[in-house]
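Novice: Need the 3D shape of this:
(one chain, ligands or ions: 1)
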Amino acid sequence: MKIAIIGVGTVGSAVATAVKNTGCVHEIVLFDRDGTRARAAAEDLGHAATFGFDVNITAVSNYRGIRGSDIVIIAAGANQRPGETRTDLLAHNADVIADIIPRVMANVDARHVKIIILTNPLDVMVMYAQKISRLPSARVIGTGAMLDSARLRTILARHLGVSSQSVNAYVLGEHGDSSVIDWSSITVGALALDDFCRQMHIHLPATTRNTITHRVRNAAYEIIRGRGATWDGIGAAAADLVRCIVNDERRILTVSCVSGVASDAVAMSLPRIVGADGVVASLRPKLSAAESAALRRSGKIIRQNYDSLS
Ligand code: NAD
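Specialist: Residues are numbered from 1 along each chain as shown. Here you go, the predicted structure:
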């Protein structure tokens, strides 16, 4: 299993480390327009591989080096500076995607390759990459709200006093400021959230839920303020998605891919079954009226941002 990572900055390096540590790939190639940076990352990661899974990690100086890749991960482009939103990156990163995708497509097997998008604003970049690549939408996938869902599960688990592994909670819609928390579907173990709280005598009033929503939506801003960028969470999310595809696990992940038709088509995060062929099926959770309206609004924002590119 060969994985190519395009863009080996803070995020690309963290993704390479996390993918290497899954043990489910035998080769990782790194490409960055800054060749020195890619070579240095490959060198450092190669040393790290001595202490774990034996993965062949090399930097490549042109796109021919990605030939034979089963999955191509795009982590190139500008990141947010403190105070910037993901949407502020739109025009610049659309140019980056337009530069990269045709070169990728000229060097991969379009019948099988899966492209994973990490570049922000995530959902718009998924739409743009899918359009340029002409791949089926099931095989151009953004990590989307996988990371936001992990943030929600972590915060909620701490509040409830259980492991985050026992909290099934999904963030939907945009990987951005209009993301929607699907409070209606949250379960803790086999219990609905409200039942769990009742049995455990835990108070979870609307004000606390609003605070949790705010913390999930603003997690990236807080991390960027504190350490300049985010990388560990997205590295782990991307590696988890790779593992799910490589092992054909068919887990339900809140990933982003284009669905809908023509002008209604939009990429956003929904719970989707992911396997060897990419997104196998998309699921529509049962939402409250307010959550449904918020999800429609989120889709409109993504679509408007995408339309602003043309
Ligand atoms: P960074 O500046 O550290 O690295 C970006 C790298 O991309 C640089 O090494 C640069 O040389 C390379 N690059 C730029 N244009 C290129 C091109 N045309 N071809 C090849 N390489 C190119 O930035 P970062 O912190 O690694 O962030 C990268 C992207 O990931 C940003 O868009 C950021 O917003 C996004 N991100 C996404 C998530 C998520 O949850 N999806 C989380 C964190 C960051």
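Novice: Can you pull out the low-pLDDT segments for the chain?
Specialist: Residues of the chain that meet the criterion pLDDT under 70 lie in 261-262.
Novice: Can you name the residue of it nearest the ligand?
Specialist: Nearest to the ligand, among the residues of the chain, is Gly9, at 1.7 Å (CB to the nearest ligand atom). (Glycine included, C-beta is placed from N, CA and C.)
Novice: Surely that residue is in contact with Ala78?
Specialist: No - contact between Gly9 and Ala78 fails when scored by CB atoms under 8 Å: they sit 9.6 Å apart.
Novice: how many neighbours does Thr126 have?
Specialist: You called it Thr, but residue 126 is Val. 33 (other CB atoms under 10 Å).
Novice: That one is in what secondary structure piece?
Specialist: In this assignment (DSSP states H and E), Val126 forms part of helix 122-133.
Novice: I would like the residues contacting stretch 121-130, please.
Specialist: With CB atoms under 8 Å, 6 or more residues apart in numbering as the test, stretch 121-130 has contacts from 74, 77, 86-87, 89-90, 93-94, 97-98, 101, 115, 117, 119, 137, 140-144, 174-176, 256-258, 265-269, 302, 305-306, 309.
Novice: does any part of it sit near the ligand?
Specialist: Yes - applying CB under 6 Å from any ligand atom, one finds stretch 121-130 in contact with the ligand at Leu122.
Novice: Could you export that stretch as PDB, keeping only the C-alpha atoms?
Specialist: Provided in PDB are the C-alpha atoms of stretch 121-130 (Å, rounded to 0.1, in the frame of the first residue of the first chain):
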ATOM      1  CA  PRO A 121     -11.600  25.600   3.700                       C
ATOM      2  CA  LEU A 122     -12.100  21.900   3.600                       C
ATOM      3  CA  ASP A 123     -15.500  21.300   2.100                       C
ATOM      4  CA  VAL A 124     -15.000  23.800  -0.800                       C
ATOM      5  CA  MET A 125     -11.600  22.300  -1.500                       C
ATOM      6  CA  VAL A 126     -13.200  18.800  -1.700                       C
ATOM      7  CA  MET A 127     -15.800  20.200  -4.300                       C
ATOM      8  CA  TYR A 128     -13.100  21.900  -6.300                       C
ATOM      9  CA  ALA A 129     -10.700  18.900  -6.200                       C
ATOM     10  CA  GLN A 130     -13.500  16.600  -7.300                       C
END
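Novice: Now do that stretch: distance to the chain's middle.
Specialist: Relative to its chain's centre, stretch 121-130 lies at 11 Å (CA atoms, centre = their mean, to the nearest Å).
Novice: got it, and stretch 293-306?
Specialist: Its chain's average C-alpha position is 18 Å from that of stretch 293-306, according to CA atoms, centre = their mean.
Novice: Stretch 61-68 too?
Specialist: Centroid separation for stretch 61-68 versus its chain: 24 Å, with CA atoms, centre = their mean.
Novice: List the buried residues of that stretch.
Specialist: Neighbour-count burial for stretch 61-68, counted by 16 or more other CB atoms under 10 Å, picks out 63, 65-66.
Novice: Quick one: residues contacting the residue nearest the centre of the chain.
Specialist: Nearest to the geometric centre of the chain sits Thr143, at 1.6 Å (CA atoms, centre = their mean). Contact partners of Thr143, counting by CB under 8 Å, 6+ apart, are 116-118, 122, 175, 234, 237-238, 241, 255-256.
Novice: Let me see the backbone angles for it.
Specialist: Note on Thr143: its backbone torsions stand at phi -60, psi -20 [degrees, to the nearest 10].
Novice: Next secondary structure after the helix holding Val126?
Specialist: Using DSSP H and E, the helix or strand that follows helix 122-133 towards the C-terminus is strand 140-142.
Novice: which of Gly9 and Ala78 has more neighbours?
Specialist: Shown here are Gly9 and Ala78; by other CB under 10 Å, Gly9 has more neighbours (19 against 16).
Novice: Identify the residues contacting that one.
Specialist: Gly9 touches 32, 37, 75-76, 79, counting by CB under 8 Å, 6+ apart.
Novice: tell me, which of these make contact with the ligand?
Specialist: Okay, of the contacts of Gly9 touching the ligand (CB under 6 Å from any ligand atom), that's 32, 37, 75-76, 79.
Novice: ok, and the most crowded of these?
Specialist: Neighbour-wise, the ones next to the ligand among the contacts of Gly9 (other CB under 10 Å) top out at Ala75, 27 neighbours.
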